[in-house]
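[1] Predicted structure and sequence below. I'll ask about it afterward.
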Amino acid sequence: MRIAVTGSIATDHLMTFKGRFTDSFIAGHLERVSLSFLADGLTVHRGGVGANIALGLARVGLSPVLVGAAGFDFAEYRSELERAGVDCSGVHVSATQYTARFVCTTDTEQNQIATFYPGAMSEARGISLTSLGRFDFTLIGADDPEAMLRHTDACRDSGFPFAADPSQQLARLEGTTIRKLVDGAAYLFTNAYERVLLCEKTGWSERDVLDHVGHWITTFGRDGAQIERLGDPTVRIPVVPAVQEVDPTGVGDGFRVGVLAGLAWNLPLERAAQVGCAVATRVLGVSGPQDYSLDRGGLLEDLGRVYGVAAATDVEPHLLRVAQEVTS
């Protein structure tokens, strides 16, 4: 299966705060906020939702095409992605802009406050998805809004099945734009907060959303994920318990890696979501969205322990290209 992953390519600057952000919020005084949090640690990682998901798919043996815009400082990052098996022929490299920057602080409750500088990402709107050939499936992740709209229109016009994953961009997008990005998607990804925000901004009810997409997949953190399809019962997927919870950055991207891989392997969507939960837990256990390890034996053990022997049996034939231990 030829998969395109469109979305941001960025460098992540991740900090930790030994406290709770909410302890500094004063009820009734949130219309003007001026707060400073003393960070305890800083790590710098390569990231961006497009690159995170493409790299994860390569790690499970697929050959995704990354579609996005990066800066003139992208050469080393590109080499790393290509060594892992990511096709970067769809990446536009800016001659003048830096690669996007994501600056995020996480508190002890796993709440996050983040700022995103788009940099070269603003040039992604010039990329033509159809010029890259035909794709069996396309994930349209958070990116320059004009690029997201262009890629969505290209998928609809060309008959490419696609997943809508607006995630972080929902906060800045108008309702009319969100409706255009979602309408006709085979799959819609949101987390619990984005689910509410999407409905508020579009003016759609949850039933309305399901009228416009094939499946709606929502993640709920420690409470797992759910799959909805109009006319079918809601399916709940429990998480794979984490040995340690280090950093939630990129956990959602890890979940999408597992889901897309499962779909590429022609597994049922529920089973694909279970694979997603298994990969997401690996991301949660490390600092940074790409610094996790995947190993065939460990993944199968997690799947069998949480979801039953049948889950491991279904997935095992598809992990033959995953080394016994693959590290970043």
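    Yep, it's here.
[2] Let me see the contact set for the residue positioned nearest the centre of the chain.
    Centroid check for the chain by C-alpha atoms, centre = their mean gives Asp253 as the closest residue, at 2.9 Å. Contacts of Asp253 were listed using C-beta atoms under 8 Å, 6 or more residues apart in numbering, and they are 49, 52-53, 56, 283, 289. All C-beta spots, glycine's among them, are computed from the backbone N, C-alpha and C.
[3] can you list the residues you listed in CSV and add pLDDT?
    CSV is the format used below for the contacts of Asp253 (pLDDT from 0 to 100):
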residue, pLDDT
Val49, 96
Asn52, 97
Ile53, 98
Gly56, 97
Val283, 96
Pro289, 91
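[4] Return the member of the residues you listed nearest to Thr176.
    When the contacts of Asp253 are compared for distance to Thr176, the smallest value, 22.8 Å, is given by Val49; criterion: C-beta to C-beta.
[5] my guess is that closest one meets Ile140, correct?
    No. Counting by C-beta atoms under 8 Å, Val49 sits too far from Ile140 to count as a contact (10.4 Å).
[6] what touches both of these two?
    Overlap of the contact sets of Val49 and Ile140 (by C-beta under 8 Å, 6+ apart) consists of 7, 165.
[7] now the strands for this protein?
    Taking DSSP state E as the criterion, the chain contains strands spanning 3-6, 10-16, 41-47, 65-70, 87-93, 100-106, 112-117, 137-141, 162-165, 187-191, 215-219, 225-228, 235-237.
[8] How far does the last one sit from its chain's centre?
    If I follow you right, that is strand 235-237. Chain-centre distance of strand 235-237: 19 Å, with C-alpha atoms, centre = their mean, to the nearest Å.
[9] What about the contacts of Asp253, which are in helices?
    Secondary structure from DSSP state H places 49, 52-53, 56, 283 of those in helices.
[10] Do a quick rundown of the helices in the protein.
    Under the criterion DSSP H, the chain contains helices at 49-59, 75-84, 145-158, 175-182, 192-202, 206-212, 251-264, 269-284, 296-307, 309-315.
[11] any idea which of these is most buried?
    Here the criterion is mean neighbour count by mean count of other C-beta atoms under 10 Å, and of these the winner is helix 49-59, at a mean of 29.
[12] re earlier: from the ones in helices among the contacts of Asp253, which is closest to Glu80?
    Each of the ones in helices among the contacts of Asp253 was scored against Glu80 by C-beta to C-beta, and Asn52 proved nearest at 12.5 Å.
[13] Verify the stated contact: that closest one with Gln290.
    Yes. Distance between Asn52 and Gln290: 6.1 Å, which falls inside the contact criterion (C-beta under 8 Å).
[14] Who are the contact partners of Gly203?
    Residues in contact with Gly203, defined by C-beta under 8 Å, 6+ apart, are Gly175.
[15] that older thread, could you point out which of the strands of the chain sits nearest Leu30?
    With C-beta to C-beta as the criterion, Leu30 lies closest to strand 112-117 of the strands of the chain, at 13.6 Å.
[16] and the closest one, what does it pack onto?
    Counting contacts by 3 or more C-beta pairs under 8 Å, 6 or more residues apart in numbering; DSSP states H and E, strand 112-117 packs against strand 100-106.
[17] Within its sheet, name the partner strands of the strand it packs on and how each one runs.
    Neighbouring strands of strand 100-106 in its sheet, by DSSP bridges, are strand 10-16 (parallel), strand 112-117 (antiparallel).
[18] For those strands, give me CSV that also has distance to Thr22.
    Conversion of the strands paired with strand 100-106 to CSV gives the following (distance: least, C-beta to C-beta, whole Å):
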stretch, distance to Thr22
strand 10-16, 16
strand 112-117, 11
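[19] Dump the ones you listed into CSV; add mean neighbour count as well.
    Formatted as CSV, the entries for the strands paired with strand 100-106 read as follows, by neighbours: other C-beta atoms under 10 Å:
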stretch, mean neighbour count
strand 10-16, 22
strand 112-117, 14
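[20] of these, which approaches Gln169 most closely?
    strand 112-117 (9.4 Å).
[21] Now tell me what touches the closest one from outside.
    With C-beta under 8 Å, 6+ apart as the test, strand 112-117 has contacts from 8, 10, 21, 37, 100-106, 168, 248-249.
[22] Mark which of the residues you listed are buried, thanks.
    Buried residues within these, counting neighbours by 16 or more other C-beta atoms under 10 Å: 8, 10, 21, 100-106, 168, 248-249.
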